[in-house]
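> Coordinates for the following, if possible.
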Amino acid sequence: MQKRFAFVTAIGRKIGLKDEAAIAVFLALIIVAATVAGYFLIIRPQPEAYNTIYLLDIKGKAVDYPEVLVANQNSTFKVYVDVENHMANSANYTVEVKIVENLPGTFPIDTQPTQVIETGRISNNGKPWQTAATITENTVGNYSVAFELWLHKDDGSLEFTQNLCVLKIQVIS
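Next up is the predicted model:
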């Protein structure tokens, strides 16, 4: 141990440290740096797997979503639906579009979808899969348009991923 401390003291003096306390701090910093580097190089925590859904406006940006529609005149709009897969494997997804007047406090929304979008197999490379969804509502009122992301399980069933996007719209006459 005395030889190692002498070696560290010699390095400390070469870089300009004269005080033994400064050399001790230098030694502690080396140990901490080696421990942290070893943790990330050897253990390297893996990021948690996830999937996500998001909406883009007709220009491909997340800014100019439709808010007010005119019944039977301008009652249709289009948004891009993007799905990303950051899970361990490639997977099939379904996006269920549901239009409701009163958004419930729990999800998934217990109503029939107005539109079902099948994504096909999405690679787990994190690159987004994108499609355009056209929504029409002609009844005057305030609505929530929910885009729910569902995962296809191996047994053929669907599992809600707890991911959804909601657009609020108002239809006027």
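
> ranges for the helices of the protein?
Assigned by DSSP state H, the chain shows helices spanning 2-14, 20-38.

> Partner strands of the strand with the most length in the chain and their direction?
Across the chain, the longest stretch assigned as strand under DSSP state E is strand 158-172. Note on strand 158-172: by DSSP bridges, its sheet partners are strand 68-70 (parallel), strand 141-152 (antiparallel).

> need these in CSV with distance to Ala49 and mean neighbour count, can you?
Where you see a C-beta, it was placed from the backbone N, CA and C, and this is true even at glycine. Putting the strands paired with strand 158-172 into CSV (distance: least, Cβ to Cβ, whole Å; neighbours: other Cβ atoms under 10 Å) gives the following:
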stretch, distance to Ala49, mean neighbour count
strand 68-70, 38, 14
strand 141-152, 11, 19
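
> Would you mind giving those strands as JSON lines with mean pLDDT added?
Below are the strands paired with strand 158-172 laid out as JSON lines (pLDDT from 0 to 100):
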{"stretch": "strand 68-70", "mean pLDDT": "95"}
{"stretch": "strand 141-152", "mean pLDDT": "97"}
